[in-house]
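Student: what follows is a predicted structure for the sequence shown.
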Amino acid sequence: MNSPQASLLAQVIRLALAAIPAGAAARDELLAGDALKAEKNDPAFAGFSAALGEIFHRKSCAGDKPGTPACTSRHLEDLHAAIRTPAGKAIDTVAVSVSPTRLVDPA
């Protein structure tokens, strides 16, 4: 298959694959910076924990204040699924395995 569409598809795939390491490096830099800040603020900080992250994801975000949703109210239990808010705004998947450029912007 040597058509313009096949050539374009190949270029898109190459670009997408090239972006993955850049996104991973940027994400690693952000995590390293966040770890340094955490260590500075709390000398007992011993690194990030997936188990604690899962607890945080499922917990209400404002000290269990009624009416304040947990992350799962928008992102559901499946972090691989993109969703829409009740107002129709799209929220991309949180899973970096699905969306490799997610969580790489320091802003």
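Tutor: Great, that's in hand. Numbering: from 1, shown residues only.

Student: wait, residue 91 sits on residue 73?
Tutor: No - contact criterion Cβ atoms under 8 Å: residue 91 and residue 73 do not qualify, at 11.2 Å. Yep, even glycine has a C-beta here, placed from its N, CA and C like the rest.

Student: what is the neighbour count of residue 46?
Tutor: Residue 46: 8 surrounding residues under other Cβ atoms under 10 Å.

Student: again, but for residue 58
Tutor: Counted by other Cβ under 10 Å, the residues lying close to residue 58 total 11.

Student: show the pLDDT at it.
Tutor: As predicted, residue 58 sits at a pLDDT of 75.

Student: pretty sure it contacts residue 70?
Tutor: Yes - look at residue 58 against residue 70 with Cβ under 8 Å: they come within range, at 5.7 Å.

Student: how's this structure carved up into domains?
Tutor: Residue ranges for each domain of the chain read 1-48, 49-96, as given by automatic domain parsing.

Student: neighbours of residue 24, how many?
Tutor: 14.

Student: from residue 73, how far out is it?
Tutor: Residue 24 is 29 Å from residue 73, where distance means Cβ to Cβ, to the nearest Å.

Student: then residue 99?
Tutor: Applying Cβ to Cβ, the value for residue 99 to residue 73 is 20 Å.

Student: which residue ranges form the helices in this structure?
Tutor: 4-41, 50-58, 72-75 (DSSP state H).

Student: where does this protein dip in pLDDT?
Tutor: Scanning the chain for pLDDT under 70 picks out 1-23, 61-68, 74-77.

Student: swap in 90 and give it another go.
Tutor: In the predicted model of the chain, residues 1-34, 43, 45-107 satisfy pLDDT under 90.

Student: could I get the contacting residues of residue 42?
Tutor: Residues near residue 42 by Cβ atoms under 8 Å, 6 or more residues apart in numbering: none.
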